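J.: can't give you the sequence, but here's the structure:
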């Protein structure tokens, strides 16, 4: 089983332009994400997929693998697929699974990525993702926090931004936005048009469920914070200190 980790990174974020290159504790955010990824046990290769020469040059400067991709991608999933196609065609490397790792989570834990990789226990698994048990009513009612509804085998039944109500065990599943794809499935799902549910909920993963692909969820104890605005950097540093304590 060979697994490729791809970190999509674009410069023109609508809310925070240039965020892959912001400095966090003396290193660019994209370098911090990359360095976390290469510590994993299960990723055979890691690369950054970007559409911007400034990001490309930065990754090369710190010695990372990087590929230029199209400026036309509307999401990280299609950028991951282009990167996979290029590495397969130009470098004659083939992978069974591709992990899409968010480029704006500088303190994502290697162990968390490994947990996701281990969900590919068989060739029947199509798509994998992660969830975390939460009990916070503030999170439950926050429409910026996506919740996942699982069946008894931990396959995702639905994703919602609404309050799905707390189950009898007094928790719900917060969705963690990291995905893994079987290589052939990634090729297939990038050909579909957006669905009504995707538009209405502003959730790309609804396109996959609407087209009858299964999504296996792993329950993790790790959390992560994405940098969507300059003030999020302080929150990420706080999370880092908590994670350091968690791993001791």
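T.: That came through fine. If you're wondering where the values come from, they're calculated on a predicted model, not measured in any experiment. Numbers count the residues shown, from 1 in each chain.

J.: mind checking pLDDT for the nearest residue to residue 112 once chain neighbours are set aside?
T.: Spatial nearest neighbour of residue 112, excluding adjacent residues (C-beta to C-beta, 6 or more residues apart in numbering): residue 222 at 4.1 Å. C-beta here means a position set from N, CA and C on the backbone, and glycine is covered the same way. On pLDDT, residue 222 comes in at 91.

J.: same deal with residue 11?
T.: So residue 11 comes in at 89 (pLDDT).

J.: tell me the contacts of the closest residue in space to it that isn't next to it in sequence?
T.: Distance criterion C-beta to C-beta, 6+ apart; nearest residue to residue 11, sequence neighbours excluded, is residue 52 at 3.9 Å. Going by C-beta atoms under 8 Å, 6 or more residues apart in numbering, residue 52 touches 9-12.

J.: For the residues you listed, which two are the farthest from each other?
T.: Farthest-apart pair in the contacts of residue 52 is 9 and 12; separation 11.0 Å (C-beta to C-beta).

J.: Could you check how far the longest strand along the chain is from the centre of its chain?
T.: Counting by DSSP state E, the longest strand found in the chain is strand 172-182. Distance of strand 172-182 from the chain centroid (C-alpha atoms, centre = their mean, to the nearest Å) equals 7 Å.

J.: I'd like to know which elements it is packed against.
T.: helix 76-91, strand 97-100, helix 110-117, strand 127-134, strand 147-150 (3 or more C-beta pairs under 8 Å, 6 or more residues apart in numbering; DSSP states H and E).

J.: And the next helix or strand after that strand, what's buried?
T.: Where DSSP states H and E defines the elements, the next helix or strand beyond strand 172-182 is helix 183-189. Neighbour-count burial for helix 183-189 flags 183, 185-186, 189 (criterion: 16 or more other C-beta atoms under 10 Å).

J.: which of the residues in the following helix or strand past helix 183-189 are buried?
T.: Sequence-wise, the next helix or strand downstream of helix 183-189 (DSSP H and E) is helix 196-201. For helix 196-201, burial by neighbour count (16+ other C-beta under 10 Å) applies to 198, 201.

J.: Kindly state the pLDDT recorded for residue 124?
T.: For residue 124, the model assigns a pLDDT of 85.

J.: Measure how buried it is and give me the count.
T.: Residues lying near residue 124 (other C-beta atoms under 10 Å) number 9.

J.: for residue 206, same thing?
T.: Counted with other C-beta under 10 Å, residues neighbouring residue 206 total 20.

J.: hang on, isn't it packed against residue 197?
T.: Yes. Assessed by C-beta atoms under 8 Å, residue 206 is found in contact with residue 197 at 4.0 Å.
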